[in-house]
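Student: Attaching a predicted model along with its sequence, questions to come.
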Amino acid sequence: MLRPSVARFRLLLLLPLLAACRPDAPATTAAPAAAAPQHLRDDLGRALTVPAQPRRIMALAPSMTEMLYAVADTATIVARTQVCDFPAAARRKPVVNSYPLDLERLLALRPDVVFTTAGITSEADAQRLQELGIPVYFQQYERVDDILRGLTDLGRILGRGPAARRLTDSLRAELRALQKLPTPRPAPAVLALTWTDPIYVYGRNTLFTDQIRLAGGRNAVEEKFAQPYPALTREYILRLNPDVVLGGSFGKLDSTFFRLYPELKRIRAYPARRVYATTDNLMARPGPRVVETVRELRRLIWAPPAP
């Protein structure tokens with residue numbers, strides 16, 4: 001007969017085996033599978049793969065930096081470029097020069113994905129980054145709706161869908177409210193300068209055409225050129241005969257642009273003094289401030305002519 005102490009010892013040895021044989025014993029829980037990466041195509045049709053939840057992001061275009069600050073968790077933004085100056089919080093981020101692109105600095109920051117816009121970053125630079133393991137996502141915009149769609153796409157890619165929807169819903173509501181305001185007719189023809197010597201302007205195939213339409217005007221450049229920002233001759237501008245010129249205050253352009261090209265004083269905008277400066281970097285940046293752009297354009301083009 002076994003002593004009680006020996007019997008208890010043997011029972012303790014058998015308990016794990018008995019537990020394992022129980023039909024209702026829970027199965028071992030497997031570790032959760034990692035979320036699958038996102039396989040995407042950007043606005044240029046380029047294929048790329050980004051993590052399911054990007055944790056380190058940046059942009060190589062100032063407009064795109066503004067969009068990231070509007071949608072992303074800002075703690076995930078690891079850098080900015082030398083020209084990214086809005087919002088103010090962006091200025092506290094490390095700087096990566098975008099022209100020429102500082103590859104070494106960018107690689108040291110190890111972003112999961114880099115966002116940019118067509119025309120700002122070359123496809124050659126983007127390809128080089130992808131070869132080094134950093135995906136580059138391009139966006140491009142022809143209409144204001146494309147900006148709102150771009151914000152929605154960023155929200156989806158970054159796992160910030162609800163925040164992006166709230167923002168785009170708000171922007172659409174503001175645009176609808178602007179469209180309900182009384183607008184005089186006919187719509188003024190607006191020539192927007194990007195450079196004055198030689199003369200370069202916002203062409204038909206730029207976002208400005210849709211922005212000025214939403215403001216109640218029209219792009220004076222009706223012909224679609226190969227270049228989005230074409231160079232125009234003085235003779236061509238005289239034929240356009242714009243009602244409004246954007247690109248600088250009347251005083252500034254009177255002492256520079258119109259002094260250089262005195263024959264252009266014959267266009268309708270000059271005697272009416274309908275020559276205006278726009279807010280720096282507002283009209284040129286297709287981002288979340290697009291409603292501010294339309295609002296400013298509306299205010300300028302419907303300002304009463306000078307007596």
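Tutor: Noted; the coordinates are in hand. Just so we're clear, the structure is a prediction, and the values are computed from it rather than from any experiment.
Student: Does the lengthiest strand in the chain pack against any helices or strands, and if so which?
Tutor: Ranked by number of residues, the top strand in the chain under DSSP state E is strand 189-196. Here strand 189-196 touches strand 199-201, helix 207-214, strand 218-219, helix 234-240, strand 244-246, helix 257-260, going by 3 or more C-beta pairs under 8 Å, 6 or more residues apart in numbering; DSSP states H and E. Using the backbone N, CA and C atoms, a C-beta is placed for each residue, glycine as well.
Student: same question for it, mean pLDDT?
Tutor: Along strand 189-196, the predicted confidence averages to a pLDDT of 97.
Student: hmm, back to that, winner for burial among the helices and strands packed on strand 189-196?
Tutor: Of the helices and strands packed on strand 189-196, the one with the most neighbours on average (mean count of other C-beta atoms under 10 Å) is strand 244-246, at a mean of 26.
Student: What strands flank it, and is each parallel or antiparallel?
Tutor: Strands flanking strand 244-246 in the sheet, each with its direction: strand 189-196 (parallel), strand 275-276 (parallel) (DSSP bridges).
Student: Next, format the ones you listed as a markdown table and append distance to Leu264 and mean neighbour count.
Tutor: Formatted as a markdown table, the entries for these read as follows, by distance: least, C-beta to C-beta, whole Å; neighbours: other C-beta atoms under 10 Å:
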| stretch | distance to Leu264 | mean neighbour count |
| --- | --- | --- |
| strand 189-196 | 10 | 20 |
| strand 275-276 | 11 | 24 |
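Student: closest one to Ala177 among those?
Tutor: strand 189-196 (21.8 Å; C-beta to C-beta).
Student: what's next to that closest one, contact-wise?
Tutor: 199-202, 208, 212, 217-221, 229, 237, 240-248, 253, 256-257, 260, 269, 283, 297, 301 (C-beta atoms under 8 Å, 6 or more residues apart in numbering).
Student: try 7 Å this time
Tutor: Strand 189-196 has contacts (C-beta atoms under 7 Å, 6 or more residues apart in numbering) with 199-202, 208, 212, 217-220, 229, 237, 240, 242-247, 256-257, 301.
Student: try stretch 123-141
Tutor: 40, 42-44, 46, 48-50, 64, 101, 103, 107, 111, 113-118, 147, 150, 207, 286.
Student: just checking, which of these belong to strands?
Tutor: The members of those that map onto strands under DSSP E are Leu40, Leu48, Thr49, Val50, Val113, Val114, Phe115, Thr116, Thr117.
Student: would JSON lines of these with distance to Arg80 be doable?
Tutor: Shown next, in JSON lines, are the ones in strands among the contacts of stretch 123-141 (distance: C-beta to C-beta, whole Å):
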{"residue": "Leu40", "distance to Arg80": "23"}
{"residue": "Leu48", "distance to Arg80": "21"}
{"residue": "Thr49", "distance to Arg80": "24"}
{"residue": "Val50", "distance to Arg80": "20"}
{"residue": "Val113", "distance to Arg80": "15"}
{"residue": "Val114", "distance to Arg80": "12"}
{"residue": "Phe115", "distance to Arg80": "12"}
{"residue": "Thr116", "distance to Arg80": "12"}
{"residue": "Thr117", "distance to Arg80": "14"}
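Student: Can you say which of those are buried?
Tutor: Leu40, Leu48, Val50, Val113, Val114, Phe115, Thr116, Thr117 (16 or more other C-beta atoms under 10 Å).
Student: what would these look like in JSON lines with pLDDT and distance to Phe138?
Tutor: Conversion of these to JSON lines gives the following (pLDDT from 0 to 100; distance: C-beta to C-beta, whole Å):
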{"residue": "Leu40", "pLDDT": "96", "distance to Phe138": "11"}
{"residue": "Leu48", "pLDDT": "95", "distance to Phe138": "9"}
{"residue": "Val50", "pLDDT": "97", "distance to Phe138": "13"}
{"residue": "Val113", "pLDDT": "98", "distance to Phe138": "11"}
{"residue": "Val114", "pLDDT": "98", "distance to Phe138": "10"}
{"residue": "Phe115", "pLDDT": "98", "distance to Phe138": "8"}
{"residue": "Thr116", "pLDDT": "97", "distance to Phe138": "6"}
{"residue": "Thr117", "pLDDT": "96", "distance to Phe138": "7"}
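Student: Many thanks, have a good one.
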